[in-house]
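A.B. asks: Return a 3D structure for these sequence lines:
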Amino acid sequence: MDDPGNDLKHMIEWAEKPIPAFFKDLSPEHLHELRGYTQAVVDYETDGLKELYYTISTLIKYVPNFVLLPLITNYIKPPIAAGVCEQLGLREASKLASGLPAEYLGEVAHHMESKWVAEILARLKPSFAEQCIEYAIMHHPMKALDIGQYVDKDILKIAAKYLHIIETVDRTLLEDYAELMEEIRSFES
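C.D. replies: Residues are numbered from 1 along each chain as shown. From the prediction side, this is the model:
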C-alpha cells in the first residue's frame with residue numbers, strides 16, 4: 001500500500017459509494033488498518049483472477065474481432081474485460097478497444113490502471129476518444145481525473161468541454177487534482 005493519507009480516497013474509489021460517516025472519525029492509523037484489512041479481503045476474493053485474465057488474453061488473440069466484440073459486450077462484465085485488457089499488449093488492447101461501444105469501454109476503463117487507459121485513449125480515433133472521455137466524466141469523474149494525469153494536451157482540451165460536470169464533484173476530492181484542474185481550465189473556450 002502507498003501513502004497512508006490516501007487510505008480514505010482509495011476506499012472511496014473501490015466502492016464508488018459514499019463512505020460511512022464514522023470513517024471520517026477514525027484516526028489515520030485506524031483508517032490505515034481498515035484499508036489493509038479491506039485489501040486483504042479483496043486479495044483473498046480475487047486470488048487467481050490474474051492468471052485467468054492472462055489465459056483469456058492469450059486465447060482471444062486467435063479470435064477475430066468480428067466474433068469477439070459481440071461476445072465481450074454481451075457476456076463479459078467490464079471488470080473482467082478490464083483484467084483481460086491489462087494483460088494484452090498496447091496494440092492489441094487499442095485495437096480491441098476501438099471496436100467496443102464507448103459506454104462499455106468507459107465502464108471497462110473505470111476498472112483499469114489509469115496510465116494504461118491514457119495510453120489506449122491516445123491510440124483511438126479522436127471522435128471515439130471524445131465519446132469515451134465524455135462517458136467517463138459523466139459517470140466516473142474521479143477516475144476521469146485520475147486518467148487525466150497521464151493524457152496529452154489534446155485529450156485535456158476535450159475534457160475542458162465537460163469541465164462543468166467535473167466541477168460538481170465534492171471539493172475535498174478535487175483537492176488532489178488542483179493542478180490538473182487548472183490545466184484543464186486553461187483550455188476552456
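
A.B. asks: which of the residues in the strand or helix carrying A109 are buried?
C.D. replies: Element membership of A109, judged by DSSP states H and E, is helix 102-110. Buried positions in helix 102-110, judged by neighbour count with 16 or more other Cβ atoms under 10 Å: A102, Y104, L105, G106, E107, V108, A109, H110. Glycine gets a C-beta too; all of them are placed from N, C-alpha and C.

A.B. asks: any idea how far the residue nearest the centre of the chain is from R171?
C.D. replies: The residue lying closest to the centre of the chain (Cα atoms, centre = their mean) is H110, at 2.9 Å. Between H110 and R171 the computed distance is 22 Å (Cβ to Cβ, to the nearest Å).

A.B. asks: swap in L121?
C.D. replies: Here the criterion is Cβ to Cβ. By it, L121 lies 26 Å from R171.

A.B. asks: Then R185?
C.D. replies: 15 Å.

A.B. asks: more crowded one of those two?
C.D. replies: Neighbours were counted for R185 and for R171 using other Cβ atoms under 10 Å; R185 has more, 13 against 7.

A.B. asks: can you pull the contacts of the closest residue to the more buried one other than its chain neighbours?
C.D. replies: In space, and not counting its chain neighbours, R185 is closest to L163: 6.5 Å by Cβ to Cβ, 6 or more residues apart in numbering. Residues near L163 by Cβ atoms under 8 Å, 6 or more residues apart in numbering: I184, R185, E188.
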